[in-house]
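*Asks:* From the sequence below, what's the structure:
(one chain, ligands or ions: 1)
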Amino acid sequence: MPTTVIRPHLLLLTTPSSYRLPAFLAAAERINAQVTVAEDTPPALARPLPGRLMIDFSDRPAALRAIGALHADQPLTAILPVDDSGVELAALACAALGLPFNRPEAAAAARDKHLMRQLFARAGVPSPAFRLCATDADLATLAQTVPYPCVVKPLRLNGSRGVIRADNPDQFIAAARRLAALLDRVEGMGTHEFLVEEFIPGFEVALEGLIDRGQVQVLALFDKPDPLDGPFFEETIYVTPSRLPEAIQTAIREVTAAAARAVGLEQGPLHAELRINERGPWMIELANRSIGGLCSRTLRFGTDTPLEELILRQAAGLPIESLSRSGNAGGVMMIPIPQAGILRGVEGIEEARTIPGIESIDITAPLNYPLTPLPEGDSYLGFIFACGPDPATVEASLRAAHAQLRFTIVPAIELTARQR
Ligand code: ADP
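*Replies:* Residues are numbered from 1 along each chain as shown. So this is what the prediction gives:
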């Protein structure tokens, strides 16, 4: 008798501007899964599209009703957040529908930097000292009582948005005001909570993992060879495998596992940032999602499996061939936005592509649109990918390729004047 293969039905939660969705859709095709995409859309902008649910993730009851109705009509095998925005909704919807995923409390802690810091402190996970503050506080008084250097940061943004270092009271007041203005724009006018943390000096790494029944399986450890000393913390180069001594890598794995346990994550992707100094690894941040931007292109597992396929296979309960990264050293450079303005042109791409080791260059910022650098911005100019015999060669290729690129960015006002 022929066996019937049940095709998994996956719901992917994402945002309209996500860099990550195409890679997940390609992976779903590779495992022959049926996919429905739920896009976080304010009700006013929601237009029905085939195969898409347009839902407002912040309206939890309505979002859960929409997902419940989809499940009743076409039963779901799993619900997966593609980016940070869907982490909590995925956990709530899975709990409501009896699908396995992380507990909603764990998902909430993975999304809220204050909750996360409290859980780390309680579990003894090395993590910066912190203090919860609010934008309506008397900043001049507050500035006299926080430690220096410190970092101010929002509770729920990502990609280093709104994260600012301050070395003295004047810088602290300016940073807190700047963060308040950003939060007014992003979350609506009002009083906003934010964190002030002790600044942890050191070398930074990013750990990419998959959590299975509470156990962290390390997929890749990336070094971030550019110093990240502030005042803003733009990501640039990631290179794997790490060049850190094995004993330090073991300590990084242990701190990450302890951090995931402290937050209560049991399943799914894990992306963690840690800083290493003479006192060992410090957990800066942990998220229940995979690496951002287009960076996952640097990773392949087993024979030739992309990261997103591992994540979908785990969620759908399908076998995973291997969690071992394949290939030599690999790396990516997220090209930072050097200044605000309108991107008018990019030159040098062809020359950069000829640099040995360069695999591809993807300029993702559209021409003639405004660019916003950190700490307010949330995008990159693009990505450079490289591979090579060892991490040092990969890093050198990325730097050489970046040096070839010339971006013409004109001030927004100048352009408007010329257009008139
Ligand atoms: P996001 O989730 O927006 O990426 P993070 O908390 O991870 O925010 O901070 C972004 C970056 O800012 C980190 O990768 C790190 O380089 C830097 N950073 C954040 N907090 C600290 C801290 N307490 N000490 C030193 N650097 C920090």
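*Asks:* Please count neighbours and contacts with C-alpha atoms only from this point.
*Replies:* OK.
*Asks:* who's whatever residue of the stretch 251-400 of the chain ends up closest to the ligand bridged to?
*Replies:* Checking the stretch 251-400 of the chain residue by residue against the ligand with Cα to the nearest ligand atom singles out E285 as nearest, at 4.7 Å. Partner residues in beta bridges with E285: E273, with DSSP bridges as the criterion.
*Asks:* Which parts of the protein belong to which domain?
*Replies:* Domain assignment for the chain, taken from automatic domain parsing, gives 9-109, 129-198, 328-420.
*Asks:* so can I have a markdown table of the ones you listed showing distance to R213?
*Replies:* What follows is the domains of the chain, written out as a markdown table (distance: least, Cα to Cα, whole Å):
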| stretch | distance to R213 |
| --- | --- |
| domain 9-109 | 10 |
| domain 129-198 | 26 |
| domain 328-420 | 29 |
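*Asks:* if we compare those domains, which one ends up closest to the ligand?
*Replies:* Comparing the domains of the chain by their distance to the ligand (Cα to the nearest ligand atom), the top pick is domain 129-198, with 3.1 Å.
*Asks:* Say whether the ligand is contacted by the closest one.
*Replies:* Yes. With Cα under 6 Å from any ligand atom as the threshold, domain 129-198 lies in contact with the ligand, specifically through 151, 157-161, 163, 197-198.
*Asks:* Over to stretch 246-257?
*Replies:* No. Contact between stretch 246-257 and the ligand is absent, the nearest approach being 13.8 Å (criterion: Cα under 6 Å from any ligand atom).
*Asks:* Format the domains of the chain as a markdown table; extra columns: distance to D223, mean pLDDT and mean neighbour count.
*Replies:* What follows is these, written out as a markdown table (distance: least, Cα to Cα, whole Å; pLDDT from 0 to 100; neighbours: other Cα atoms under 10 Å):
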| stretch | distance to D223 | mean pLDDT | mean neighbour count |
| --- | --- | --- | --- |
| domain 9-109 | 21 | 92 | 18 |
| domain 129-198 | 17 | 97 | 18 |
| domain 328-420 | 9 | 92 | 18 |
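*Asks:* what about the helices in this structure?
*Replies:* The residue ranges that make up the helices of the chain, judged by DSSP state H, are 21-30, 60-73, 87-97, 104-111, 113-123, 139-143, 169-187, 246-263, 307-316, 349-353, 391-404, 412-419.
*Asks:* Just send these back as a markdown table, with distance to G292 too.
*Replies:* Formatted as a markdown table, those follow (distance: least, Cα to Cα, whole Å):
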| stretch | distance to G292 |
| --- | --- |
| helix 21-30 | 11 |
| helix 60-73 | 24 |
| helix 87-97 | 14 |
| helix 104-111 | 15 |
| helix 113-123 | 18 |
| helix 139-143 | 33 |
| helix 169-187 | 20 |
| helix 246-263 | 18 |
| helix 307-316 | 12 |
| helix 349-353 | 23 |
| helix 391-404 | 18 |
| helix 412-419 | 28 |
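*Asks:* Which strand residues bridge I409?
*Replies:* On DSSP bridges, the residues paired with I409 through beta bridges are L343.
*Asks:* Can you give me the pLDDT of the spatially most central residue of the chain?
*Replies:* Here the mean C-alpha position of the chain is nearest to the C-alpha of G292 (Cα atoms, centre = their mean), at a distance of 4.1 Å. According to the predicted model, the pLDDT of G292 comes to 92.
*Asks:* Quick check: closest non-adjacent residue to it.
*Replies:* If the residues on either side of it in the chain are set aside, G292 comes closest to R20, at 7.0 Å by Cα to Cα, 6 or more residues apart in numbering.
*Asks:* Might one say that that neighbour is in contact with D84?
*Replies:* No. R20 is not in contact with D84 according to Cα atoms under 8 Å; the separation is 10.8 Å.
*Asks:* Show the contacting residues for R279.
*Replies:* For R279, no residue counts as a contact, taking Cα atoms under 8 Å, 6 or more residues apart in numbering as the criterion.
*Asks:* and it, what are its phi and psi?
*Replies:* In this entry, R279 is assigned phi and psi values of phi -100, psi 10 (degrees, to the nearest 10).
*Asks:* What separation do you get for it and S127?
*Replies:* The spacing between R279 and S127, counted by Cα to Cα, to the nearest Å, is 11 Å.
*Asks:* nearest to R177, of the residues of domain 129-198 next to the ligand?
*Replies:* Using Cα to Cα, V163 is the member of the residues of domain 129-198 next to the ligand that sits closest to R177, with 12.2 Å.
*Asks:* Show me what from the stretch 201-350 of the chain comes close to the ligand.
*Replies:* Applying Cα under 6 Å from any ligand atom, one finds that the stretch 201-350 of the chain approaches the ligand through 201, 228, 233, 273, 284-285.
*Asks:* now, which of the residues of domain 129-198 next to the ligand lie within strands?
*Replies:* With strands taken from DSSP state E, the overlap with the residues of domain 129-198 next to the ligand comprises 151, 197-198.
*Asks:* Who are the contact partners of the residue nearest to G292?
*Replies:* Counted by Cα under 8 Å, 6+ apart, R20 has contacts 82-83, 292-294.
*Asks:* where's the closest residue to the ligand within the stretch 1-150 of the chain relative to K113, distance?
*Replies:* The ligand sits closest to P128 of the stretch 1-150 of the chain, with a gap of 5.3 Å, by Cα to the nearest ligand atom. Plainly put, P128 is 11 Å away from K113 if you go by Cα to Cα.
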